[in-house]
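> Generate a structure from the sequence data that follows.
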Amino acid sequence: MKQITFSNASTLSWFTFSTDQDILVRVSEDGKILEWGTEVASERATNYYSPRLQPYMGRVDYYGTEADTINKGKIKNIGTCYITYYNAFEVEEKRGKIKSIGRTMLDYYTRFDNPAYKGKLRLAGSYNLDYYSLTENEAVKGKLKSVGVTRIVYNSSFDDKMIQGKVKSIGSVAYNWGTSLDAKGYGGALKSGSYRQNVDGITYILR
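Prediction:
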């Protein structure tokens, strides 16, 4: 896994994997390919990239009649990176979801693991993923809690209304956000920390 992106610095948007040709593949937490391509850096802003990937213009193949009905028409390979899917005989929570991207294996929570997380990504290569339970504070429940050894902490619903649910820390990296006590226009804006930060080998992106 190469990147993890949050929208509004709060809600998980996607996980990003890199192929052996350095093509980025964005995947939702429930195992669907969202986009693939390369990042385009801004010429005017440091460490800023376009939200959309530059489309990959190389070869992309799709599964045909050789695949079962649930996977027919899905992406088979992007360049030299082959993608496999769980077949129709798997448990419902895995059926039709990505099983591997190149050499990276993916697995998902089922109702037998934890009904609250069922269908969400549980394993990505060597990274185990955990989520906040539905009994947690309203601002954090169901959100991504940890990636391998890296713990993710959010501001709770007891914090200032401008920062509720926003990422508070990722591993040892802390984020400080403007509150309703700050000058107009600064509430909810990042005061310290970086919108793009490498933590324990993964780049975390806050948008």
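
> buried ones in the lowest-mean-pLDDT helix or strand in the chain?
One helix or strand of the chain scores below all others by mean pLDDT, DSSP states H and E: strand 190-192, with a mean of 92. For strand 190-192, a neighbour-count test (16 or more other Cβ atoms under 10 Å) marks residue 190 as buried. Yep, even glycine has a C-beta here, placed from its N, CA and C like the rest.

> Direction included, what does that strand pair against?
Taking DSSP bridges as the criterion, strand 190-192 pairs within the sheet with strand 176-177 (antiparallel).

> Surely residue 42 touches residue 51?
No. Residue 42 lies out of contact with residue 51 (Cβ atoms under 8 Å); the separation is 10.8 Å.

> which residues are in contact with the least confident helix or strand of the chain?
Contacts to strand 190-192, defined as Cβ atoms under 8 Å, 6 or more residues apart in numbering, come from residues 9, 174-178, 206.

> after it comes which helix or strand?
Later in the chain than strand 190-192, the nearest helix or strand by DSSP states H and E is strand 196-199.

> In the chain, where is pLDDT below threshold?
43-46 (pLDDT under 70).

> go with 90
41-51, 65-68, 111-117, 134-135, 182-187, 193 (pLDDT under 90).

> which one is residue 34 nearest to, not counting chain neighbours?
residue 26 (4.5 Å; Cβ to Cβ, 6 or more residues apart in numbering).

> Could you do residue 175 as well?
Per Cβ to Cβ, 6+ apart, closest to residue 175 is residue 193, 3.8 Å.

> try residue 96
Nearest to residue 96 is residue 70, by Cβ to Cβ, 6+ apart, at 4.4 Å.

> Would you mind giving both backbone torsions of the one you found?
phi -70, psi -20 (degrees, to the nearest 10).

> Surely it touches residue 88?
Yes. The pair residue 70 / residue 88 is scored as a contact, 4.6 Å apart, by Cβ under 8 Å.

> overlap in contacts of those two?
What both residue 70 and residue 88 touch, as defined by Cβ under 8 Å, 6+ apart, is the set 95-96.

> Partner strands of the strand ranked longest in the chain, with direction?
Counting by DSSP state E, the longest strand found in the chain is strand 11-18. Its sheet considered, strand 11-18 pairs with strand 3-7 (antiparallel), strand 24-27 (antiparallel) by DSSP bridges.
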